[in-house]
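Colleague: Let me see the structure of the following:
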Amino acid sequence: MQLHSKNGKVAGLVLGVILLLIVNFLSLVLGYTDLTFHTVIDAFSHFDGSNEHIIIQDVRLPRALIGTVVGASLAIAGALLQALTRNPLASPDILGFNAGASFFIVVALMLFSISSLQATTWIAFLGAMIAGLLVYFLGSVGRDSMTPIKMTLSGAAIAALFGSLTQGLLVMDESALDQMLFWMSGSVQGRELAILLSVLPYIIIGVVIALVIASKINILTMGDDVAKGLGQRTGFVKLVTGLAIILLAGGSVAIAGPIGFIGIVVPHIVRTVVGIDYRWMIPYCAIVGGIFLVIADIGARYVLMPEEVPVGIMTALVGIPFFIYIARKGGK
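Modeller: Residues are numbered from 1 along each chain as shown. Sure, this is the predicted structure:
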């Protein structure tokens, strides 16, 4: 069902925010140690230092907030990539942004022993940028210039390249293998709030950029010739859009590792609700992306109880069939 009126879209946003708050509250309650709603409320209003209150404040609250921010960031980055490349199959993981950021972080941690949160964040941005430039270069060469299928294949090749290099580095250091492999699968478990707070300013900048240029992206999706005919500086718009994608995708990887498929699933879901107007798509992607990842994280706690499945595996279980379906439908 698609919302056509402005009042309907505003109401949908309000409903989405309420649902996001509900799933975040459920994230505080549900898990290996199931808690009551009353216990959660007491943990913030009358903290007594008990195990339950410590679990809520130090473990589950950061986990819920990180899931919300990372889900929103990846969903917005996916929507921007699909507009920039006019490719319905584009997303940060499909086009290699996540793999590039992950590889550079692994290199920094294993070869140079860089552990600073700020340094790791900038290294993730650098990796995402280099991966994006490589994909753009490979997708643009040839007589056909840049086409959606060439971009998808180039992204898959770059993602495979960085993924192979990352696995090769991990094999060289068995002591770090277990810890890094869990991180590489994408997870919000065990992340501290300090990690989120160190990256959050950059993600906020990326979201603000996306909201500011949303109307220009609407014009850009009509094609370069039409956009130029309407007086738009397409090169500048693409550059700014690319900057937002790097901040959002790189920041997400720095926080939670390479979580896949949110950037392709959520924008397609949002289009069925609000259409192709990016002024509405961006905020809707933020809300739906947050809801999607938090729900996936809650499910990851119960699949192999008492062990937990990395949330990246849960998103893949939904995303892979969705990706195949969209590909078979020609992106429609």
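Colleague: tell me the contacts of the residue nearest the centre of the chain?
Modeller: Centroid-nearest residue in the chain: L74, 1.9 Å away (criterion: CA atoms, centre = their mean). Each residue near L74 by CB atoms under 8 Å, 6 or more residues apart in numbering is listed here: 91-92, 248-249, 252, 259, 262-263, 266, 289, 293. (Glycine included, C-beta is placed from N, CA and C.)
Colleague: Go again with 7 Å.
Modeller: Going by CB atoms under 7 Å, 6 or more residues apart in numbering, L74 touches 92, 249, 252, 259, 262-263, 289.
Colleague: what's the answer for R63, then?
Modeller: Residues counted as contacts of R63 (CB under 7 Å, 6+ apart) are 27, 188-189, 191, 297.
Colleague: Mind giving me the ChimeraX select for the contacts of L74, buried ones only?
Modeller: To isolate the buried ones among the contacts of L74 in ChimeraX, judged by 16 or more other CB atoms under 10 Å, type:
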select :92,249,252,259,262,263,289
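Colleague: Which single one of the contacts of L74 is nearest to A83?
Modeller: G263 (12.1 Å; CB to CB).
Colleague: SS state for the residue of the chain most remote from its centre?
Modeller: Among the C-alpha atoms of the chain, the one most distant from their mean position (CA atoms, centre = their mean) is that of D48, at 35.5 Å. What DSSP: H, G, I helix; E, B strand; the rest coil gives for D48 is coil.
Colleague: Not counting sequence-adjacent ones, nearest residue to it?
Modeller: D42 (7.7 Å; CB to CB, 6 or more residues apart in numbering).
Colleague: Which helix or strand contains the one you found?
Modeller: Using DSSP states H and E, D42 sits in helix 37-45.
Colleague: need the helices for the stretch 51-200 of the chain, in chain order.
Modeller: With DSSP state H, counting those that start in this stretch applied, the stretch 51-200 of the chain shows helices at 51-54, 61-85, 97-111, 117-140, 148-172, 177-184, 193-212, listed in chain order.
Colleague: Nearest to N7, out of those?
Modeller: Nearest of the helices of the stretch 51-200 of the chain (CB to CB): helix 193-212, 20.2 Å.
Colleague: which helices and strands sit right next to the closest one?
Modeller: Applying 3 or more CB pairs under 7 Å, 6 or more residues apart in numbering; DSSP states H and E, we find helix 193-212 packed against helix 61-85, helix 117-140, helix 234-256, helix 278-300.
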